[in-house]
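J.: I would like the atomic coordinates for the input below:
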Amino acid sequence: MASGKDKKKKEAKQEWPIKAYKNLDFLNSPAARTIRVMTEMVEPSDRFWKHHLWNTVVFFGSARTLPGKEARRKFRDIQSRIKKASRPSPKLKTELENARREVIMSAYYDDAVRLSEKLARWFIEIEKKGSHRFAVCTGGGPGIMEAANRGAQKAGGISVGLNISLPMEQNPNPYQTRELSFEFHYFFIRKFWFFYLAKALVVFPGGFGTLDEFFELVTIIQTGKSKKTMPVILFGSEYWNDVMNIEKMAHWGTISPEDLKLFRLIDNVDEAFEYLKKELTRLYLKNIPRPRRKK
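T.: Residues are numbered from 1 along each chain as shown. A predicted model of the protein is given here:
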């Protein structure tokens, strides 16, 4: 009869070491950062290829923008609370002003839904005629991102969501196509996928993240790092003219006057759609190269 010591030796011999690609402690360590970066490059590429998707129109904009109905309901609720209060607190008055602003900004949410829906219907139409597949692409979160995914879904089209993991909880919006919904850890890889497939950019009012994405991608176009020519729309001239004065950059010589032609300010959904339709047809639909996958 084997002793306890012999049994332990036998059990030790039967234990296999963990394979490196199954070692989660290693894969989540600083030493494996390069591997994690590579997976965020390769896995999305494989998925896009399987869905024959190489062309997107990217929507940027604030994650805080509410749908019109929700913003108006919130405003009415606060108005009702103020009427019931004998002496409304300063906090409640501030909430009312914030809600009033949200109602104004909510028009951009509704415009993003309408523009995305128009584009998605057109994408479906041209794909049926034999064109390459196009899709709306967003950052996958709430606000303008949700609006653009929502519009594409209303049209019966597909849409991409390039979600990012953040310290604060942010769930993917429910309107992006499930098979084309991604979660990235690295901002710079997410930006790569925004631009790599993009054939046009539509930038709605937004904050730091929106400005960061707009300026980086316009810089890539300006410097010629990308050979693509693409239409770029800043949607909402009142907001953008109030927030930044790019013309002054040309005035002070930090950019060329020609750089002001890299984007166009537009306020109307129909005008934005017709501009994108015309430019995408001119630049890409007549002779768009199909990528070749290396064997």
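
J.: Ramachandran coordinates for residue 57?
T.: phi -110, psi 120 (degrees, to the nearest 10).

J.: ok, it - contacts?
T.: Residue 57 is in contact with 119, 134, 135, 136, 137, 198, 199, 200, 201, 202, 276, 280, counting by Cβ atoms under 8 Å, 6 or more residues apart in numbering. Just so you know, the C-beta spots here come from the backbone N, C-alpha and C atoms, and that holds for glycine as well.

J.: right, and the first one touches residue 137 too?
T.: No - using Cβ atoms under 8 Å, residue 119 is not in contact with residue 137; the gap is 10.9 Å.

J.: Am I right that residue 18 sits in a strand?
T.: No - under DSSP: H, G, I helix; E, B strand; the rest coil, residue 18 falls outside any strand and is assigned coil.

J.: next structured bit after the longest helix along the chain?
T.: Assignment by DSSP state H gives helix 90-128 as the longest helix of the chain. Remark: after helix 90-128, the chain's next helix or strand is strand 134-138, criterion DSSP states H and E.

J.: Please enumerate residues in contact with that following strand?
T.: 53, 55-60, 116, 119-120, 123, 126-127, 144-146, 148-149, 151-152, 157-162, 176-177, 180, 194, 197-199, 280.

J.: Tell me where the stretch 101-250 of the chain has strands.
T.: For the stretch 101-250 of the chain, strands defined by DSSP state E, counting those that start in this stretch occupy the ranges 134-138, 159-164, 181-184, 198-203, 232-235.

J.: for the second one, packing partners?
T.: Read that as strand 159-164. Strand 159-164 is packed against strand 134-138, helix 144-154, strand 181-184, helix 187-196, with contacts defined by 3 or more Cβ pairs under 8 Å, 6 or more residues apart in numbering; DSSP states H and E.

J.: what do you get if the cut-off is 6 Å, keeping everything else the same?
T.: Applying 3 or more Cβ pairs under 6 Å, 6 or more residues apart in numbering; DSSP states H and E, one finds that strand 159-164 contacts strand 134-138, strand 181-184, helix 187-196.

J.: Over to the third one?
T.: Under the contact criterion of 3+ Cβ pairs under 6 Å, 6+ apart, strand 181-184 touches strand 159-164.
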